[in-house]
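Novice: Quick one, what's the 3D model for this:
(one chain, ligands or ions: 1)
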Amino acid sequence: MARLYLDANATEPMRPEAIAAMAEAMALPGNPSSVHAEGRAARRVLEEARDAIAARFGARGRDLVFTSGGTEANALAIRGLAAGRRVLVGATEHPAVLAAAGPAAGVIPVLADGTLDLAALESALKAAGPALVAVMVANNETGVLHPIEAIAALCQEHGALLHLDAVQMPGRLPFVLGPADSMALSAHKLGGPKGVGALLLRPGLDPTPLLTGGGQESGRRGGTEALPAIAGFGAALACPRPEGLAALRDAIEAGVKALAPEVIIAGGSAPRLPNTTSLILPGAPAETQVIALDLAGVAVSAGAACSSGKVRQSHVLAAMGFGADAACAIRVSLPWNAGAETVARFLAAWAGMRERLGARKR
Ligand code: PLP
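Specialist: Coordinates of the predicted model:
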């Protein structure tokens with residue numbers, strides 16, 4: 001039986017269109033910075049992808065910096081724009097943002113539903129003086145969407161810069177840069193290749209580069225651009241957004257609740273990404289659940305995928321006030337190619353897992 005891959009928020013399966021575009025770009029011999037015909041051909045592919053990606057988010061190509069992924073895009077924005085400003089981050093941010101912000105950053109709490117506490121943000125902005133606020137658009141573990149319009153209005157009122165980690169958003173819901181100053185993107189969360197991303201900037205904003213060198217990316221990021229990956233990024237983004245994922249997600253949640261009413265859906269009352277659910281089974285360690293489902297042929301994760309491959313208690317769920325239950329959540333994130341059969345197969349595997357865990361306890 002084929003495996004069931006439900007870990008799209010860790011990485012989406014590649015879109016065939018992205019693989020084709022990468023193969024085509026790999027056949028180009030030139031460096032996009034070279035002046036000869038081969039270089040110019042490579043440059044054309046690069047600039048077409050840049051313009052198309054930027055346009056999708058209401059930005060100009062010249063305000064897009066290609067990076068090695070979401071982590072670098074977040075670091076470039078936060079480290080590159082923070083001079084003279086107090087950095088404020090949400091409590092449920094991705095480690096890429098928390099690490100770039102550093103231990104001195106102010107942490108804004110979230111409400112029990114996982115959305116940013118706007119009153120706390122307002123107080124922090126009043127106290128901070130010049131500030132840079134870095135928050136995610138959609139949470140990678142719960143799918144919870146922060147109230148970005150309200151956050152942007154507060155930032156504007158207090159003269160703060162606003163950086164958005166939008167890595168989990170495209171490919172699932174429409175979104176544009178809008179009133180934000182910068183926004184991080186990652187290709188592998190939308191069906192493109194791993195290892196490429198972008199930072200979008202408001203016109204006129206110039207972060208201090210993290211990498212200097214040959215002056216690529218208008219001097220904002222040294223290093224020869226990863227042309228095949230960038231071509232794949234553009235092609236993946238051009239694919240139609242999947243429809244019907246919310247209905248599949250809702251059916252999974254209803255099915256799990258019918259089997260086990262004690263299950264808690266973290267952030268279930270907040271606006272969320274259509275493809276994500278965080279299922280807490282009290283008393284069942286996340287790692288045990290993930291391994292049991294893996295053995296049954298289903299790939300999910302315990303909160304975030306972490307680089308060491310180890311499972312730890314979710315700081316996101318802890319920030320939402322879950323206490324011991326924060327160690328008992330699995331994240332089910334549907335990929336773009338999920339279908340109607342996904343629900344029944346997942347529920348059968350989940351029911352089997354719960355049965356076995358219950359049997360072990362007895
Ligand atoms: N931000 C969020 C919300 C993410 O989910 C991730 C990936 O897990 C990142 C940033 C980092 O992106 P990348 O893997 O492209 O470095």
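Novice: burial measure for the residue lying closest to Ala226 once chain neighbours are set aside, as a count.
Specialist: Of all residues not flanking Ala226 in the chain, Val196 sits nearest, at 5.3 Å (Cβ to Cβ, 6 or more residues apart in numbering). To be clear about C-beta, it is placed using only N, CA and C from the backbone, and glycine gets the same treatment. Using other Cβ atoms under 10 Å, Val196 has 27 other residues around it.
Novice: what's Val196 in contact with, if anything?
Specialist: The neighbourhood of Val196, defined by Cβ atoms under 8 Å, 6 or more residues apart in numbering, consists of 66-69, 186-188, 226, 229-230, 232-233.
Novice: ok, which of those also contact the ligand?
Specialist: For the ligand, the contacts drawn from those by Cβ under 6 Å from any ligand atom are 69, 186, 188.
Novice: And the helices in the stretch 101-250 of the chain?
Specialist: Under the criterion DSSP state H, counting those that start in this stretch, the stretch 101-250 of the chain contains helices at 118-128, 148-157, 227-237, 245-259.
Novice: Pipe the ones you listed into CSV and attach distance to Ala344 per row.
Specialist: Below are the helices of the stretch 101-250 of the chain laid out as CSV (distance: least, Cβ to Cβ, whole Å):
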stretch, distance to Ala344
helix 118-128, 40
helix 148-157, 35
helix 227-237, 28
helix 245-259, 8
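Novice: most surrounded residue in the ones next to the ligand among the contacts of Val196?
Specialist: Ser186 (28 neighbours).
Novice: what's the burial count for the residue nearest to that one when sequence neighbours are not counted?
Specialist: Spatial nearest neighbour of Ser186, excluding adjacent residues (Cβ to Cβ, 6+ apart): Gly70 at 3.4 Å. The tally of other residues near Gly70 (other Cβ under 10 Å) stands at 26.
Novice: Test my guess that Gly70 contacts Leu164.
Specialist: No - Gly70 lies out of contact with Leu164 (Cβ atoms under 8 Å); the separation is 11.3 Å.
Novice: Return every residue with contacts to both of those two.
Specialist: In contact with both Gly70 and Leu164: Ala184, using Cβ under 8 Å, 6+ apart.
Novice: sorry, back to before: with the ones next to the ligand among the contacts of Val196 in mind, which one is nearest to Met14?
Specialist: His188 (8.2 Å; Cβ to Cβ).
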